[in-house]
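> quick one: sequence plus predicted model below, questions after.
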Amino acid sequence: MSETPSPGDDGLQPGTLADKLTWLMRHAHPAGRGPLTTHQAAALVEQVTGEPISHTTIWKITQGINVNPGMRVIQALAKTFAVPVSYFFGEPSEAENDQIQERAELLAMIRATAIDAE
């Protein structure tokens, strides 16, 4: 039987929307750089999707204050972090966790390459 990761673990957080977005912000960034701040995440969302999402909105989601953001926000976050919209709803299976973790690592490598090229 597998253990559910605790908040300090590197494993995927299967809990709340806040946990899931926080996990993505901590893991989907280029190697050698720290986790995305809410400002950086908001800028990245707009860069990737063209959707202006405020850093305050992202902060409220990560703090569990906004537990029901609009579909536009969820879709923009999903596109930005290369996860299915369904990732933010319910508990992903172990296979889905593995796939999402692989996507986050790949996205971080792609972003690192784009940064190095600039």
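Arrived safely, thanks for sending.
> please count neighbours and contacts with C-alpha atoms only from this point.
OK.
> where does this protein dip in pLDDT?
Confidence mapping of the chain against pLDDT under 70 gives the ranges 1-14, 30-31, 92-93, 97, 111, 114-118.
> in the chain, where's the longest helix?
Secondary structure of the chain per DSSP state H: the longest helix is helix 94-117.
> and stretch 26-43, what's buried?
Buried residues in stretch 26-43, counting neighbours by 16 or more other Cα atoms under 10 Å, are found at 26-30, 35-36, 38, 41-43.
> just these: which are in helices?
Mapping the buried residues of stretch 26-43 onto helices (DSSP H) picks out 26-27, 38, 41-43.
> can you count the residues close to Ala95?
Neighbours of Ala95 under the rule other Cα atoms under 10 Å: 9.
> how near is it to Glu102?
Using Cα to Cα, to the nearest Å, we find Ala95 at a distance of 11 Å from Glu102.
> what of Lys20?
15 Å.
> alpha carbons of the longest helix of the chain, in PDB - could you do that?
Coordinates of each C-alpha in helix 94-117 appear next as PDB, following Å, rounded to 0.1, in the frame of the first residue of the first chain:
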ATOM      1  CA  GLU A  94      -1.100   6.800  -8.800                       C
ATOM      2  CA  ALA A  95      -0.600   6.600 -12.600                       C
ATOM      3  CA  GLU A  96      -2.000  10.100 -13.100                       C
ATOM      4  CA  ASN A  97       0.300  11.400 -10.300                       C
ATOM      5  CA  ASP A  98       3.300   9.800 -12.000                       C
ATOM      6  CA  GLN A  99       2.300  11.400 -15.400                       C
ATOM      7  CA  ILE A 100       1.800  14.800 -13.800                       C
ATOM      8  CA  GLN A 101       5.100  14.700 -12.000                       C
ATOM      9  CA  GLU A 102       6.800  13.700 -15.300                       C
ATOM     10  CA  ARG A 103       5.100  16.600 -17.100                       C
ATOM     11  CA  ALA A 104       6.200  19.100 -14.400                       C
ATOM     12  CA  GLU A 105       9.800  17.900 -14.700                       C
ATOM     13  CA  LEU A 106       9.600  18.100 -18.600                       C
ATOM     14  CA  LEU A 107       8.100  21.600 -18.400                       C
ATOM     15  CA  ALA A 108      10.800  22.800 -16.000                       C
ATOM     16  CA  MET A 109      13.500  21.500 -18.500                       C
ATOM     17  CA  ILE A 110      11.700  23.200 -21.400                       C
ATOM     18  CA  ARG A 111      11.500  26.500 -19.500                       C
ATOM     19  CA  ALA A 112      15.200  26.200 -18.500                       C
ATOM     20  CA  THR A 113      16.100  25.800 -22.200                       C
ATOM     21  CA  ALA A 114      14.100  28.800 -23.200                       C
ATOM     22  CA  ILE A 115      15.700  30.900 -20.500                       C
ATOM     23  CA  ASP A 116      19.200  29.800 -21.400                       C
ATOM     24  CA  ALA A 117      18.500  30.700 -25.100                       C
END
